[in-house]
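*Asks:* model this:
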Amino acid sequence: MSINKEWKSYFDQGNQAIEAGNYEQAETMLKAALSSAERGQDELTTATSLDRLGELYFEMEQYDQAEPHFKRALGIRERLLKPHDDAVVSSLNNLSALYFFQGKHDQAEAPCRKLCEIYEAVLGKDHAEVATSVNNLALIYSAQGKNQEARGLFERALAIKEKALGREHPEVGDILHNIANICISETNYEEAEPLLTEAVGILENTIGSDHADLIPILTSLAAVSQVNGNHKATSKHLEKLLALKEINLAPNHPEVVDCIINLASSYLYEGRFADAERLYKRAMGIRERAKGRQSPEVAEIIAAIAFVHQSDNKYLLAENLYKEALAICEQSRGQKSPEAEARLWDLACLYHNNARYQKAEPLWQRLSKLREETLGAEHPDTQACMDSLTICYLQQTKYKEAEELLNKLKKLREETLGPDHQDVAACLHYLAEIMRHDGRFDQAEGYYKRALDIRTKALGPNHPEVAHSLEGYALLLAATYREMEAEHMKVCAEAILKASAQR
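*Replies:* Numbers count the residues shown, from 1 in each chain. Okay, the predicted model is just below:
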C-alpha cells in the first residue's frame, strides 16, 4: 500500500471512530495517520493529521495534548501556504479557541486578531464572518476584564450582523447578550435588562421558545430583573426558564430543582406565599427521593418553607420547621457543621424578630462561640452574632452581660476598624445607655460625647444615628438637672428624625 493510501485509510478510520464516539480508537488511527504522513515527508498532510489529532484532544478536553499539535500544524501551514489560505484560517481558529478554553486569554488574542485581519482583507469589512471574528476577539477582551475595548468590538460586530442578517437574526440576539454581560460585569443592571429582553425575544421568534440556547440568556435576564426589583418580571422569566429546563433536561435534574427553588423564592418576594410553598414542596420531594429525608439538602428546603410561613406571620409553623431542619443537620453533619450553623441562625432570627429574646439568647450564645472558634472574634459574621446577643441582653435588662460583651466588641472594633469607625460608635452609645441606667453619669457622658462625635463625622450631622445619640444624651442631661441643654438636644434630634422621615 502506498504511503498516500495508507495515510488516507488511517485518517478515514480515525474520523469514523470520532463520529462513533470511540475516542481511544480514533487516537490510535490518527496517530498512525500522522506517522504515515511523516514517513512520506508530506508536510501539508502532516499538518492535516496534526490538526485533526489536536481537534480530537480538544474534544476530549486534553488541552495540554492539543496545544503542541495545533501549534505545529499552524507553523507548517504558515510556512508553506498563503496567509489567507483556508487551512491557515482553520489552524488559527483552533489555536485561538484552545487558548480561550484554557483560560489563556492573552495567548488567544494574537491568533484571534490575525483572523479578524484575514477575514476583513478577504471578505470586506461588512461581511457577517468578519463580525463573528470581531465578536470572538471581544469575548477575549471581556475575559481579560478589558470591558471598554470589548464593548466597542461587540457594538461593531452588532452593527455588521444587523446590516448583513437583519435585527431579528439569532446571531444578533447572541451579541446583544454579550453586550448585556458587559453591563452586568459593571453592575449596570438597568441597561442590561432591555438588552437581554430583546435578545430573548429575537431567539424565541427565530429558534423557538423551547430551544436550549435560551437557557443562559433567560438565566441572566431573571437575575438582572431581580436585582432591579422587578419581581413580577423575574417570576415570569423563571417560569419560562423552568419550562425550558424541564424540556431539555431530566425532570429530576439538579438544575431543574435549583430553578424550582429560585422560582419559589421569586414568588415569595411577590408575596405569593401559597405558590412559593407549593414549589418548595415540589423541590423537597425530588431531593427527598434522591437523598433521603435526613439530608442537609432537604433541610435547606424545609428551612425555606419555614421562611415562607414566617413571612406569612405563621410563626408556630415556621418554628417547628426550623427546629426540624436544625435537628436534621445536627444529626447528619454534626452540631458544629456549617449546615447546622445556618439552620441555627434561621431559628435565632425567628425568635429575635418576634421579640422572644429569652429563646433567642442561648442560640446567639452558641452561634457566637461557634463562629469565634471557626472564624475568629475579628470576623464580621462573629461580631454580627455578638451584636444580636447584646440586643437580647439589653431587651431583657441583663445589663451586666451586655456591658461585658459591648466592651469586648468595642475593643475588637477599635483594633480592626479604627477608633473612629461608626461600629465603634454603636458600642459606645449602648455602653453609655447602660451607664446612664446605672447612674454612672460622668462615664456615660464621655461615651455619649465620643459616640456623637464619631457619628457626626462618619455619617453627617443629619443622620438618624446622630439623632439617637442626641436623644440618649438628652436623657442624661435631664437626669443631671441640665434641662435647657436637654431640651435643646431633644429638639435637634426630633428635627433630624422628622427630616429623615420626609426624605
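*Asks:* Name the residues that touch the host helix or strand of residue 11?
*Replies:* Counting by DSSP states H and E, the element that carries residue 11 is helix 3-19. Helix 3-19 is touched from outside by 1, 23, 25-30, 32-33, 36-37, 39-40, 42, 45, 48-49, 52, 56, 59, with contacts defined as Cβ atoms under 8 Å, 6 or more residues apart in numbering. Yep, even glycine has a C-beta here, placed from its N, CA and C like the rest.
*Asks:* For the next helix or strand after that helix, what does the pLDDT average out to?
*Replies:* Moving toward the C-terminus from helix 3-19, the next helix or strand (DSSP H and E) is helix 23-39. What helix 23-39 shows for mean pLDDT is 93.
*Asks:* For helix 23-39, buried residues please.
*Replies:* 26, 27, 29, 30, 32, 33, 34, 36, 37, 38 (16 or more other Cβ atoms under 10 Å).
*Asks:* from those residues, which is closest to residue 333?
*Replies:* Taking Cβ to Cβ as the measure, residue 333 lies nearest residue 27 of the buried residues of helix 23-39, at 43.5 Å.
*Asks:* Report the angle between the helix holding residue 11 and helix 23-39.
*Replies:* 160 degrees (axes from the mean of the first three to the mean of the last three Cα atoms, to 10 degrees).
*Asks:* distance between helix 3-19 and the chain's centre?
*Replies:* Offset of helix 3-19 from its chain centre (Cα atoms, centre = their mean, to the nearest Å): 46 Å.
*Asks:* Repeat that for stretch 274-290.
*Replies:* 23 Å.
*Asks:* pLDDT of it, averaged?
*Replies:* 96.
*Asks:* CA-only coordinates of it in CSV, if you can.
*Replies:* Provided in CSV are the C-alpha atoms of stretch 274-290 (Å, rounded to 0.1, in the frame of the first residue of the first chain):
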residue,chain,number,x,y,z
ALA,A,274,-49.1,29.6,48.6
ASP,A,275,-47.3,29.4,45.2
ALA,A,276,-43.9,29.6,46.9
GLU,A,277,-44.8,26.8,49.4
ARG,A,278,-46.1,24.6,46.6
LEU,A,279,-42.9,24.9,44.6
TYR,A,280,-40.6,24.4,47.6
LYS,A,281,-42.5,21.2,48.5
ARG,A,282,-42.1,20.0,44.9
ALA,A,283,-38.3,20.6,45.1
MET,A,284,-38.2,19.0,48.5
GLY,A,285,-40.0,15.9,47.2
ILE,A,286,-37.4,15.5,44.4
ARG,A,287,-34.5,15.9,46.8
GLU,A,288,-36.0,13.7,49.4
ARG,A,289,-36.4,10.8,46.8
ALA,A,290,-32.8,11.3,45.7
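*Asks:* which outside residues touch that stretch?
*Replies:* For stretch 274-290, the surrounding residues in contact (Cβ under 8 Å, 6+ apart) are 251-252, 256-257, 260-261, 263-265, 267-268, 295, 297-298, 301-302, 304-305, 308-309.
*Asks:* and if you look at stretch 295-303?
*Replies:* Contacts of stretch 295-303 (Cβ under 8 Å, 6+ apart): 261, 280, 283-284, 287-288, 291-292, 321-322, 324-326, 328-329, 332-333, 337, 339, 342-343, 346.
*Asks:* Okay, and which of those map to helices?
*Replies:* 261, 280, 283-284, 287-288, 291, 321-322, 324-326, 328-329, 332-333, 339, 342-343, 346 (DSSP state H).
*Asks:* Any chance of a markdown table for the buried residues of helix 23-39, columns distance to residue 366?
*Replies:* As requested, the buried residues of helix 23-39 are exported to a markdown table (distance: Cβ to Cβ, whole Å):
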| residue | distance to residue 366 |
| --- | --- |
| 26 | 59 |
| 27 | 57 |
| 29 | 64 |
| 30 | 62 |
| 32 | 67 |
| 33 | 67 |
| 34 | 65 |
| 36 | 72 |
| 37 | 70 |
| 38 | 70 |
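*Asks:* Nearest to residue 102 among those?
*Replies:* After measuring the buried residues of helix 23-39 against residue 102 - Cβ to Cβ - the closest member comes out as residue 27, at 19.9 Å.
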